[in-house]
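> sequence? don't have it. structure:
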């Protein structure tokens, strides 16, 4: 009897993870737009699961800041105004400069090689590849660098905040000039990590983030894509 219950729990958790990943990807790539309502019954039918894992995935998405649950309206994708996006980037800058400072102390040849490989791929993609791939490579570069900090809780906080921003970044893949500029900033970060210069690493991480925030907000403003809270 206990084994059967345990198996059902594992299956339900697996279904919840599946639904969470599917919805998260749909939000990040713009299939669900800010302010759009999510119909839990339709999601359950589309993914061929019961409503329980959908409900649990929705709660998890709410915790991560992807959706908001309104008792009267239902579930809708979270909307952020310009000041909220800027606030998130400022918080990220404080957290990520701490992460890169600690990472500089612990940086080794294995992490540097992985970062170099990502940078080389980014150089190729920026001119001829899909811009979605560049966004993913940018995420990988920062993740590899911060991994060396030895501070997993800090890295988790950073990743959660980064997700909040990327639901808008994927909507503005036309920011070609910004990608060129960001690529140069990433090279400076790599050089600082290679030389063990934590001050330089902090400077370029902060500059990279705040420049990205300004470019994103300008693109959102010009395209009028922010949905008011």
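Arrived safely, thanks for sending. Note that the structure is predicted; figures quoted are calculated from it, not measured. Numbering: from 1, shown residues only.
> just the element for the residue nearest the centre of the chain, please.
With distances taken as C-alpha atoms, centre = their mean, residue 163 lies nearest the centre of the chain, 2.8 Å away. Secondary structure assigned from DSSP states H and E places residue 163 in helix 152-169.
> that helix: what's the following helix or strand?
helix 176-195.
> still on that earlier bit, skipping its backbone neighbours, what lies nearest the residue nearest to the centre of the chain in space?
Closest residue to residue 163 apart from its sequence neighbours, by C-beta to C-beta, 6 or more residues apart in numbering: residue 64 at 6.4 Å. Where you see a C-beta, it was placed from the backbone N, CA and C, and this is true even at glycine.
> the residue nearest to the centre of the chain: what's it in contact with?
24, 28, 64-66 (C-beta atoms under 8 Å, 6 or more residues apart in numbering).
> which of those are buried? Put it as a ChimeraX command.
Burial among these is assessed by 16 or more other C-beta atoms under 10 Å; the matching ChimeraX selection reads:
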select :24,28,64,66
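> nearest to residue 119 among the contacts of residue 163?
Of all the contacts of residue 163, residue 119 sits closest to residue 28, with 23.0 Å by C-beta to C-beta.
> report the buried residues of stretch 141-160.
Of all the residues in stretch 141-160, those buried under the rule 16+ other C-beta under 10 Å are 141-149, 151, 154-155, 157-158.
> distance of the closest residue to residue 211 other than its chain neighbours relative to residue 115?
Leaving aside its chain neighbours, residue 211 sits nearest to residue 181 (6.6 Å; criterion: C-beta to C-beta, 6+ apart). Going from residue 181 to residue 115 by C-beta to C-beta, to the nearest Å gives 18 Å.
> now swap in residue 145 and tell me
Distance, residue 145 to residue 115, by C-beta to C-beta: 6 Å.
> overlap in contacts of these two?
With C-beta under 8 Å, 6+ apart as the test, residue 145 and residue 115 both reach residue 193.
> what about the helices in the chain?
2-28, 40-47, 51-63, 82-106, 109-128, 131-147, 152-169, 176-195, 198-223 (DSSP state H).
> of these, which shows the lowest average pLDDT?
Lowest mean pLDDT within the helices of the chain: helix 2-28, a mean of 67.
> okay, now the nearest residue to residue 205 once chain neighbours are set aside: neighbour count?
For residue 205, ignoring the flanking residues on the chain, the nearest one in space by C-beta to C-beta, 6+ apart is residue 100 at 4.8 Å. Using other C-beta atoms under 10 Å, residue 100 has 26 other residues around it.
> pretty sure residue 100 is touching residue 144, no?
No: between residue 100 and residue 144 there is no contact under C-beta atoms under 8 Å: 11.3 Å.
> could you report the pLDDT at residue 170?
For residue 170, pLDDT reads 65.
> domains for this structure, by residue range?
2-77, 82-223 (automatic domain parsing).
> quick one: the longest one to chain centroid distance?
Read it as domain 82-223. 10 Å (C-alpha atoms, centre = their mean, to the nearest Å).
> many thanks, have a good one.
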